[in-house]
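> got a predicted model here, sequence first, then my questions.
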Amino acid sequence: MSSKDSAKQIYEQVGGEDNINYLTHCVTRLRFRLKDEGKVDDEKVKQIPGVMGINHQNGQYQVIIGNAVSDYYDQIVKLGHFPTDESEDANDEKSNEAKGNLFDQFTSFISSCMSPLIPALIGGGMIKVILILLTTLGWMSTKSQTYTLLSVFGDAPFYFLPIELGITAAKYHKVNQMMAVIAGAILIHPDFISLVNAGKSIHLMGLPVTAASYSSSVIPILLIVWAMKYLEKFLDKVVPASFKSILKPLLEIFIVGVASLVIIGPIGTWAGQLLSSIVLLIQKHAAWLAMPLMAAFMPLIVMTGMHWAFSPIFLAASFATPDSLILPAMLAANIGQGAASLAVAVRAKNKNTRQVASAAAISALLAGVTEPALYGVTLKYKKPLYASMISGAITGLFMGIVDLKSFAFAVPSILSIPQFVNHNIPSNFIYALIVVVASIVITFVLTLILGFDEEPQAATVTEAPKKNDNAEEIDAGSKETKKVFSPVKGEQITLDSVNDPTFAQKMLGDGVAVIPEDGKFYAPFDGVVETVFPTKHAIGLKSNSGIEMLIHIGLDTVELKGKPYDVKVKANQKVKKGDLLAVADLDAIKKAGFDTVTPLIVTNTKKFVDIVPNEKTTVDNDTVAFYVV
C-alpha cells in the first residue's frame, strides 16, 4: 500500500479534520494534538501499513512512522484544513488542557508547572539537609552568620515559589510571564507580609483581605495564573487598540492584585489546607493503613506524576511543618527501587543487564533518582517491582506506627537521610535508618526469591586483529560484521533503558543510546548524510556498507525547533568517520526540560542478522558502540 493510502487511513482513524487541533511531525513520528483521543482506536491505527506503533505523550497522539514520516505528513496535510504548528493552535482553549477527569487535569497541570523547578528545589533542600547535619555534629552554630546566609540559600527556592510557579504556569497557559511574576511578587511582598504579621484585620478599598502567608505556597498562584488567562482575553477585547499599551498592563496588575488578595489567593490557601487536612486526617485515624498504601504504590504514583497533587504537604517540610506521609513513603519506595535493581545486578547473567541495574541501583540508593531503576529494571521485569511494593507496604506499616517525619524537603535517599534528623525527636532518625536497612534487606531478598525473566545474553562478536583500527569491516567467520562507532562522548546505555517507548521497544530499529557528556557529535562511520531534519535535532546517515542510522539528539527535542543545535553538514553530503556533524547546547536542552539521552538506531535493522552492543559503558568517537552482523 502506498504512503498516500496509509496516510488517508491514519487521517480517518484519528477522526479527520473535526478531531485534529493541529499536526506536526519530527524525524520519525506524526504528532497530533487531538480534541478527543478517546475517539481513536489504537489497535486499528497500529494495523495500518507503514505504522510502527503509537504513543501517548505530552498531550500528543504520536503515530510512529520512521524515516518516511514526511511523506505521510505531506499527504495528511492535503486532506484537511487544520493548523500544522502548535503555536498556530495557541488560541484554541482546549489545546493546552489535559484530557481526562478533573483530577487527571489537576495533576497534569501541577506536574507541568513543578517539573522545571525540581533542580532548584532539590538544591535548596540538600543545603538544608547539610545544615541539619553540620549543626547536629556541632560543626556549625545556628547563631553564626554563615548558618544564617546558608539558610537563605536553602530557603530561597521554597520561599519564592509563587514567583517561580508564576513563570511556569504562565508558559502552560500562554499568558504574559512578567505579569504572572508580578502576581507572585504581590503575594510575598514585604509590606503585605508585615500587615499579615501585625495580626490586625486588613482591608483593601473596604474589601476584606485574608491575612494569609503565601510564601512557599503552590495552589494560590496556580489559580491566579489560570484566571489571568481569561482576564487577558477579556482585556484584549475591551481595551481600545490605541490605549492598549498603557491601559492593559495597568488594569491587569490592578485587577489581578485585588482579586489575588481578596478572592483567589484565599481560595487557593483554603484548597491547599483542605487537601492537606484530608490526607492528614486519614493518616491520623488510620496511619497503619495510609502509610503502607502510600509507600507500596509510590513508584506508580511517581510514574504518573500524581505525587505533585500532594506538593503543598511535602513542600511544607522545608519551611513550616514536618511531613509525616509523602516524603517518608518516598524514602521506602526509593530505597526499595534501588535494592531491587541491586538484586537484579547480582543475579543477572547478561552483562548489559548487570551494568544497567548496577547504575540504576546507585542512582536510586544514593541520590533518590528512581527513573533508571523504574523504567530500566523493575517495571521492565515486573517481579522486582512487586518485590519493592511488598517491601514498601511492610516498612510503611512500621513508619505509620512510629509516625516517621521528614523535617526538610529533599529527594529521600541514603545521602539525604539527615532530613529526618530533629533534635527534639532523637528516635525519628533511628526509625529512618531502620526503614532504610529494612527496605534494602526485604526488597533484595524478595527479588531474589521471586526472580525475574531475563533476556538472553547477546552473542559475542570476536574481533580479528586489524592493521587499521578504524576499519569499518572485520572478518567474523562466515558472516560479515561491521563496526559503528559512538558519535559522541558519554555513557552508553541499552536502548530499552531509554525513557521513550518508541525507542525502548525498538519500533524504529535496534541500537544503543548514549548520555552525552559534551555537545559535539561526529560521524560514526564513512558514508553519506541522508537527512538533516529541519529542527536539527536528528540526523540520518547511511554507511558505505549499507547501514542506515538515525542519531536522535535528545527526547522530544523536536519541540525546541532547532534552537540549541548547530548542524555542520547537509543532506547528500559525504562524510568520513570522525567528521563533525553537529554541536548541541546540552545545558539549554536540559534547562528547557528535555532529556539529552541520544538513541543511535539502525533503521534498516531487518536487513541484518543481529545488532550487538559493545560492553563498554564509557564511549567516545574512537570507541565501537555496537556491531552490525
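It's in.
> show me how far stretch 614-629 is from its chain's centre.
27 Å (Cα atoms, centre = their mean, to the nearest Å).
> average pLDDT for that stretch, rounded please.
Averaged over stretch 614-629, pLDDT sits at 87.
> ok, now stretch 257-268?
85.
> flag every buried residue along it.
G257, V258, A259, S260, L261, V262, I264, G265, P266, G268 (16 or more other Cβ atoms under 10 Å). The way it works is simple: take the backbone N, C-alpha and C, and place the C-beta from them, glycine included.
> can you pull out the low-pLDDT segments for the stretch 251-400 of the chain?
For the stretch 251-400 of the chain, applying pLDDT under 70 flags the ranges 268-280, 282-287, 301-321, 352, 367, 369, 371-372, 375-376.
> that one: helices as residue ranges?
In the stretch 251-400 of the chain, the helices defined using DSSP state H, counting those that start in this stretch lie at 265-304, 311-314, 326-347, 351-362, 371-373, 379-381, 383-402.
> who wins for proximity to T617 among the ones you listed?
Smallest distance to T617 across the helices of the stretch 251-400 of the chain (Cβ to Cβ): 5.7 Å, for helix 351-362.
> about what we covered before: tabulate the helices of the stretch 251-400 of the chain (CSV), appending distance to G80.
Listed next are the helices of the stretch 251-400 of the chain as CSV, based on distance: least, Cβ to Cβ, whole Å:
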stretch, distance to G80
helix 265-304, 33
helix 311-314, 40
helix 326-347, 45
helix 351-362, 43
helix 371-373, 38
helix 379-381, 38
helix 383-402, 42
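> please identify the deepest-packed of the ones you listed.
Neighbour counts (mean count of other Cβ atoms under 10 Å) averaged over each of these peak at helix 326-347, with a mean of 29.
> packing partners for it?
Packed against helix 326-347 by the contact rule (3 or more Cβ pairs under 8 Å, 6 or more residues apart in numbering; DSSP states H and E) you find helix 265-304, helix 311-314, helix 351-362, helix 371-373, helix 383-402, helix 426-450.
> CSV for those, including distance to A410?
Converted to CSV, these look like this (distance: least, Cβ to Cβ, whole Å):
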stretch, distance to A410
helix 265-304, 15
helix 311-314, 10
helix 351-362, 18
helix 371-373, 17
helix 383-402, 17
helix 426-450, 12
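> wait, which of those helices is closest to S545?
Of all these, helix 351-362 comes closest under Cβ to Cβ, at 24.6 Å.
> that closest one to helix 426-450, inter-axis angle?
170 degrees (axes from the mean of the first three to the mean of the last three Cα atoms, to 10 degrees).
> which residues in the stretch 151-300 of the chain form strands?
202-204, 207-209 (DSSP state E, counting those that start in this stretch).
> I449 is nearest to which of the ones you listed?
Across the strands of the stretch 151-300 of the chain, closest to I449 is strand 207-209 (Cβ to Cβ), at 60.2 Å.
> in the closest one, what counts as buried?
Of the residues in strand 207-209, those buried (16+ other Cβ under 10 Å) are V209.
> packing partners for it?
Checking 3+ Cβ pairs under 8 Å, 6+ apart, strand 207-209 ends up next to strand 202-204.
> re the thing from before, and the strands of the stretch 151-300 of the chain as JSON lines, adding mean pLDDT?
As requested, the strands of the stretch 151-300 of the chain are exported to JSON lines (pLDDT from 0 to 100):
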{"stretch": "strand 202-204", "mean pLDDT": "90"}
{"stretch": "strand 207-209", "mean pLDDT": "88"}
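> of the helices and strands packed on helix 326-347, which is nearest A7?
helix 265-304 (32.7 Å).
> give the buried residues for stretch 33-41.
Quick answer for stretch 33-41 (16+ other Cβ under 10 Å): R33, L34, K35, E37, V40.
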